[in-house]
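>>> let me see the structure of the following:
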Amino acid sequence: MSNKRNKEAEMYDSASEEEQESGSEKGSDVDSDGNFVGDQEIQADFEGRNPEDCDFHGIKQLLRQLFLKSNVDLGALTQIIISQNYVGSVVKQCLDDGIDEDEEDDGSDGVFGVTTVINITKRKDDPCIQQVRALLTKLAEDNANDKTKALVNKILNDVSKHVGLVINERILNIPAAISVPLFASLQTELEKAVKKNMPYTFQYLVWICKIYNTEDDPNADILFANQEEKPIVEEALASFDVNVKSEAGLSQWDDDCAMTPYRKVLIFDGSKFNQLVRLLKEEVESTQ
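Now for the predicted structure:
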C-alpha cells in the first residue's frame, strides 16, 4: 500500500493484563454506529495515508456520522475524496515493522478518520455536490437568521468565488492529537495544489462540527465531538446550529437524554485556513 507520509501519534496507554482480561469478558463495547463505547484502554499507533479504493467503505461510514440521514449520496462523495487523494488523508493503524509489504492487509476495515476539503463550487455539477449544496441551503433556511441565510445563498450562487467543504471526521475514541499532523499535511497539500494552478484557493470555507448541548439549558456548555474544533467558532463569519436528535442513533452521549446532538455549520473567510489550523493545534496542545 502506498504511504506518502508518516504522521504517527500514540493514541492510548497500555491496558494492564487484568483490564484486558476483564474487557474480554464483557459484552459488546461498540454502539450501533460502530463507535467504541467501553472503558478498556488499549495501545495503538496511527498514521495518515492517501485515501485509496480499499478505504471506500470506511470513509463512507465516517461520512454517515456527519450527514446522518441527509439526502446526500455518500458513496459518490466518498469517491470524490478518493479521486482527489493528493489532498487529504485517512487515518489508518500503523503496520508492524515485521510485516512483509507483499503480505500487508489491504486496510479496508481500518479507516479511523478522514480529513480533507472538497471544492463544492468547482464540482457544483456533480449530483452528490448538488445534494450537499441543497442541504446547506435548506439547513440555513430552516435554522439560520436572515443575515446568515443571505450569506449562504451568496456564497453558493456566486460561482466566481470558490467554496471549500472541510471534512474532519474520525471514530469517537480517537483523540484530538491526531488532527494536528493531519491538518498540517492538508496545509502543505493545498499549497502544492495551488502552485500547480489546481482549484484549491478558497474564498470561503464551510465546516460542519458535531456538537452536543442540553436542550433545556441554552446556557450550558457545548461539547464538541472533535474537541480541537472548539476555538475556531469565534473566527466564523457566520454560524447556525441544527438539531439532529431525530436522525442520530443512540450513543454514549445520549445517556439519560441529557445531551442532544446538533450540527454546527460554520462559514469562514477562506484566507483564514492557516489561522484555523493554528487554533486547533493550540487547543490540542493546551489539553495535553
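
>>> got the buried residues for stretch 172-187?
The neighbour-count check on stretch 172-187 (16 or more other CB atoms under 10 Å) flags 172, 174-183, 185-186 as buried. C-beta: built from backbone N, CA, C; applies to glycine.

>>> kindly report the same for stretch 207-219.
Buried, per 16+ other CB under 10 Å, within stretch 207-219: 207, 208, 209, 210, 211, 212, 213.

>>> ok, back up a step: between the buried residues of stretch 172-187, which sits nearest residue 262?
Taking CB to CB as the measure, residue 172 is the one of the buried residues of stretch 172-187 closest to residue 262, at 16.0 Å.

>>> the closest one falls within a helix, correct?
No - using DSSP: H, G, I helix; E, B strand; the rest coil, the secondary structure at residue 172 is coil, not a helix.

>>> confidence score at it?
With respect to pLDDT, residue 172 scores 83.

>>> and for the one 3 residues further on?
The score at residue 175 is 89. That number is its pLDDT.

>>> residue 49: how many residues sit nearby?
Using other CB atoms under 10 Å, residue 49 is surrounded by 22 other residues.

>>> test my guess that it contacts residue 92.
Yes - between residue 49 and residue 92 there is a contact under CB atoms under 8 Å: 5.3 Å.

>>> I'd say residue 268 and residue 236 touch.
Yes - using CB under 8 Å, residue 268 is in contact with residue 236, at 5.7 Å.

>>> the two - which one has more neighbours?
Neighbour comparison, residue 268 and residue 236: the larger count goes to residue 268, with 22 against 19 (by other CB under 10 Å).

>>> just the element for the more buried one, please.
Using DSSP states H and E, residue 268 maps to strand 260-269.

>>> now, the buried residues of stretch 172-187 that are in helices?
Assigned to helices by DSSP state H, the following of the buried residues of stretch 172-187 qualify: 179, 180, 181, 182, 183, 185, 186.

>>> give me the distance between the residue lying closest to residue 276 once chain neighbours are set aside and residue 281.
Among residues not flanking residue 276 along the chain, residue 232 sits closest, at 4.8 Å (CB to CB, 6 or more residues apart in numbering). The gap separating residue 232 from residue 281 is 11 Å, by CB to CB, to the nearest Å.

>>> okay, these two: which has more neighbours?
Neighbours were counted for residue 232 and for residue 281 using other CB under 10 Å; residue 232 has more, 23 against 17.

>>> what's the pLDDT at the more buried one?
98.

>>> so is it in a helix, a strand, or just coil?
Applying three-state DSSP: residue 232 is helix.

>>> that one against residue 266, yeah?
Yes - using CB under 8 Å, residue 232 makes contact with residue 266 at a distance of 7.0 Å.

>>> find the residues that touch each one of those two.
With contacts defined as CB atoms under 8 Å, 6 or more residues apart in numbering, the residues adjacent to both residue 232 and residue 266 are residue 207.

>>> please enumerate the strands of this protein.
9-10, 45-49, 89-93, 113-119, 163-170, 204-213, 223-224, 238-243, 260-269 (DSSP state E).

>>> same question for the second one, mean pLDDT?
Model confidence over strand 45-49 averages 78 on the pLDDT scale.

>>> just the third one next, same as before
The predicted model assigns strand 89-93 a mean pLDDT of 91.

>>> do the fourth one as well
Averaging the model's pLDDT scores along strand 113-119 yields 97.
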